[in-house]
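Participant: The following comprises the amino acid sequence and a computationally predicted model.
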Amino acid sequence: MNRAIRKFAATVSMFLLIMMPELQLVAQSPAAAEPSQSQSSQLDLHQYLQKSYEELFQLSPSLTFNAADVENERQALKRGEDSCRGRFKDHSKQYGKQLDIARNDLKKGGSGLPDVRRHDLHCQIQNLELLRSEADILSGQAIPNAYDNLNAKLDLLVQWPAQNREILAAIASGSHNQRRWSDVKDIGFREIASGQRDDIKRGQDAVNELKRTGLLPPEVESKAVQDYVKKVADRVAQHSDLKVPLHVTVLQSKEINAFALPGGYLFIERGLLEATDDEAQLAGVISHELAHVTARHGAKLMKRATIAGMFYQAAQIAAVVLTGGMAGIGMYYALQYGYYGLGLVLNLKLLGVSRDYELEADQLGIQYAWNSGYDPTGFVRFFDKMATREGYVNGVSWFRTHPPFYTRMVDAQREIMFLPKGRDLEVQSAEFEQMKKDLAPVVAAADKEEKEKPSLLMTKEEGCAPPKKIEYKPGQPVEQICSTDLRAPNPEEKNDGGNTSGKDEIGMKRLSSPCTPASFR
C-alpha cells in the first residue's frame, strides 16, 4: 500500500511540474494588464542575449516575452548575419579580382619584368591569398558561430522553462535513472565501447603522419606547464572509463583547441591554456576529449579509412609547400602562425565528431569531470566564454569540431542536474594559477618570435612583410569584427601586399553596423 501511495505521489508531482501554468510567451493585447514590477524592470530581449548561459538558465523561468518581440529579434539576427557574412564574402571576391590582376601583370611582364616589380607582385599575390583566406574563414565559420550562439540563447529564453520543469519532474519520479549512461557510480568499471586497445596503433600512426607532414606544432618548452597539464589529465583519466595509457602533449599554438586521437593521444594547444579561467574549465575540456576515446568515436568513424585519408587539406597544403603552387598559401600561413590551426585541417571523422557522438562525449565528459571532483559546469562555462565573452577567431576550429549550440547547452545542463549531489567540487587550484605564471614567458617568447619573423614561413618569396591591414587581429572578438567596417578593396586599386611602395591599402573605420552582435538592430 505504501509503495502504491509513493508511486501515486510521484506521478502527481510530475504532472504538476509539467502542467504548472507559466506563460513564457505572452501575446499581449492593447487591453492587457499593466506589467508587474518584476516585468517592468525586465531588460529588453536582445540584452539578455549578451548574458552567459549560466545566467540564462537561472533567469529564463521568471521572464516573459512578447511573441512578436521574439520573432522580431529572430529576424534581426538573420538580417545581421546575412549583412556581416555578405560583407566578408564580398571582400573575398574583391581579393580574388586583385589576385587576377596581379597574376595577369606578372604574366604580361614575362622574363623582361624588372626584379623589383616582380618581387612586389610576388609579395602582393602572397598576401592577397592570406587576406582572402581570412575573409573566407570569417564568412564561413567565425561569424556563423557567433550568430548560432545568439540564436541558441534566444531559443533558451523561450524553451528552457518548460524543459526545466520536465527535468525536475524526471528527478522527482526517478526516471532520470533510466537514461543512457546513468550508472555514474560504476564509472571505471563499466565499458562504454569495447576494443580501446585496438585503437592504439591507429592513433600512433595518425601522430606519425601529423609529424611527417609538418602539421603538428612543436611542443611547449616548459616542463612545469607540460607536467601540470599531464597531472590534470591523469586525474581525469583515473576517474573515467579509459582503458588505455594516456599520452598528453601541450602544443605551441595560439589556437584555442584540444583534440584526442584514437588510442589515448591527447593534445592540448597553448591557446586553450591561455583561454581557460580555472582548473574546472580545463578539466571539463579534457574530460570531453577523453570521452571521445573511451567511446571509440574516432575509430568507429574511421574504421575503413587509411591514414592517408585522415587529414583534411593536408595533402593540398603539403603540395603547396613542395611545388611552389599559390593555391592555399593563405591557409598554410594561417597554420604556421596559429591563426586557425590544426583543428581546421584534421578530418572530423578522425576526431570522432558527429552530432550524436558529440552529445555523447558531452554527457560522458561531464560525468568524468564530476567523478574527478571537479565542478562539472566548467565545460559549460568555458563554452560560454568562447561563444559569448570572447568569440575569438582563434577558436573557430573549436566550434567547427564541436556542434551544435542550443542542444549542447541544454543537454549539458540536464546532465549536470541529474548527477548526484553532496560532493565538494573543485573549481580553482593554486597549481592552475602557478601554471598561468609559468605559461606567461612561453607566450611572450612566442609572440616576440612571431613579430620578428620577416616573412611567411616556407613561402615562395622571401622578404615580404605581412599585410599592414588584415581582416581581423589575432584575439579580436567577432563582435568587433561585425561592428567594424573593413572597407572592401577597390579592384582598381593595387594592394601593396605589405610593402612600402606607397600604394593604397584596405582602410578601416568604425560605424554603427546593422550586424553588431550587441543588438543586431
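Facilitator: Received, thanks. Residues are numbered from 1 along each chain as shown.
Participant: Neighbours of residue 211, how many?
Facilitator: 10 (other Cβ atoms under 10 Å). No exception for glycine: its C-beta is placed from N, CA and C like everyone else's.
Participant: Give me the pLDDT for it.
Facilitator: pLDDT for residue 211: 82.
Participant: repeat for the one 3 residues further on
Facilitator: The per-residue pLDDT reported for residue 214 equals 71.
Participant: Show me the shaky parts of the chain.
Facilitator: 1-41, 302-354, 388-404, 450-461, 470, 472-479, 483-521 (pLDDT under 70).
Participant: For it, just list every one of the strands.
Facilitator: 25-26, 65-66, 247-251, 258-261, 265-269, 484-486, 508-510 (DSSP state E).
Participant: quick one: residue 363 and residue 181 touch, right?
Facilitator: Yes: assessed by Cβ atoms under 8 Å, residue 363 is found in contact with residue 181 at 6.2 Å.
Participant: For the two, indicate the residue with more neighbours.
Facilitator: Between residue 363 and residue 181, counted using other Cβ under 10 Å, the more crowded position is residue 363 (22 against 17).
Participant: What distance do you get for the more buried one to residue 170?
Facilitator: 15 Å (Cβ to Cβ, to the nearest Å).
Participant: do residue 429 as well
Facilitator: Distance from residue 429 to residue 170, by Cβ to Cβ: 33 Å.
Participant: ok, those two, which is more surrounded?
Facilitator: The neighbour comparison of residue 429 against residue 170 (other Cβ under 10 Å) goes to residue 170, with 20 against 17.
Participant: and the closest residue to that one other than its chain neighbours, what is it in contact with?
Facilitator: Spatially, and ignoring its direct neighbours in sequence, residue 170 is nearest to residue 176 (4.3 Å; Cβ to Cβ, 6 or more residues apart in numbering). Counting by Cβ atoms under 8 Å, 6 or more residues apart in numbering, residue 176 makes contact with 167, 170, 182, 418.
Participant: any chance of those residues in TSV, plus distance to residue 236?
Facilitator: Formatted as TSV, the contacts of residue 176 follow (distance: Cβ to Cβ, whole Å):
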residue	distance to residue 236
167	26
170	27
182	20
418	20
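Participant: Max pairwise distance over those: which two?
Facilitator: By the measure Cβ to Cβ, 167 and 182 form the most distant pair in these, at 13.7 Å.
Participant: Between these two, which has more neighbouring residues?
Facilitator: The neighbour count for residue 167 versus residue 182, taken as other Cβ under 10 Å, is higher for residue 167 (19 against 16).
Participant: and the residue nearest to residue 290 when sequence neighbours are not counted, how many neighbours?
Facilitator: Leaving aside its chain neighbours, residue 290 sits nearest to residue 240 (5.4 Å; criterion: Cβ to Cβ, 6+ apart). Residue 240 has 25 neighbouring residues, counting by other Cβ under 10 Å.
Participant: try the one 4 residues further on
Facilitator: The number of residues packed near residue 244 is 18, by other Cβ under 10 Å.
Participant: same question, the one 10 residues further on
Facilitator: For residue 254, the number of neighbouring residues by other Cβ under 10 Å comes to 23.
Participant: For residue 285, see how far away it is.
Facilitator: 16 Å.
Participant: Once you drop chain neighbours, what's closest to residue 148?
Facilitator: Per Cβ to Cβ, 6+ apart, closest to residue 148 is residue 405, 5.0 Å.
Participant: what's that neighbour in contact with, if anything?
Facilitator: With Cβ under 8 Å, 6+ apart, residue 405 has these contacts: 148-149, 151-152, 387.
Participant: which ones are touching the residue nearest to residue 290?
Facilitator: For residue 240, the contacting residues are 187-188, 287, 290-291, 294, 364, 368, 371-372, by Cβ under 8 Å, 6+ apart.
Participant: which of these lies closest to residue 217?
Facilitator: residue 290 (20.9 Å).
Participant: Go ahead and confirm that closest one touches residue 242.
Facilitator: Yes: counting by Cβ under 8 Å, residue 290 does reach residue 242; the two are 5.9 Å apart.
Participant: Compare those two (neighbour count), which wins?
Facilitator: residue 290 (26 against 20).
Participant: any idea how far the more buried one lies from residue 256?
Facilitator: For residue 290, the distance to residue 256 - Cβ to Cβ - is 18 Å.
Participant: next one: residue 214
Facilitator: Residue 214 is 22 Å from residue 256, by Cβ to Cβ.
Participant: for the top helix by length along the chain, packing partners?
Facilitator: Secondary structure assigned by DSSP state H gives helix 67-109 as the longest helix of the chain. Counting contacts by 3 or more Cβ pairs under 8 Å, 6 or more residues apart in numbering; DSSP states H and E, helix 67-109 is packed against strand 25-26, helix 45-48, helix 115-137, helix 143-173, helix 478-482, strand 484-486.
Participant: Spatially nearest residue to residue 157 (excluding sequence neighbours)?
Facilitator: residue 60 (5.1 Å).
Participant: Enumerate every residue touching the one you found.
Facilitator: Applying Cβ under 8 Å, 6+ apart, the residues near residue 60 are 156-157, 160-161, 164.
Participant: Apply 6 Å and report the result again.
Facilitator: Residues in contact with residue 60, defined by Cβ atoms under 6 Å, 6 or more residues apart in numbering, are 157, 160-161.
Participant: what about residue 289, neighbour count?
Facilitator: Look at residue 289: counted by other Cβ under 10 Å, it has 22 neighbours.
Participant: Make 24 the starting number, not 1.
Facilitator: Fine by me, first position is 24 from now on; the one you just mentioned is residue 312.
Participant: Next one: it from residue 98, what distance?
Facilitator: 37 Å.
Participant: and residue 216, what does it touch?
Facilitator: Contacts of residue 216 by Cβ under 6 Å, 6+ apart are 318-319.
Participant: hmm, back to that, between residue 237 and residue 279, who's got more neighbours?
Facilitator: The residue with more neighbours, out of residue 237 and residue 279, is residue 279; 30 against 15, by other Cβ under 10 Å.
Participant: Give me the distance between the nearest residue to residue 446 once chain neighbours are set aside and residue 246.
Facilitator: Nearest residue to residue 446 in three dimensions, chain neighbours excluded: residue 396, at 7.0 Å (Cβ to Cβ, 6+ apart). For residue 396, the distance to residue 246 equals 25 Å [Cβ to Cβ].
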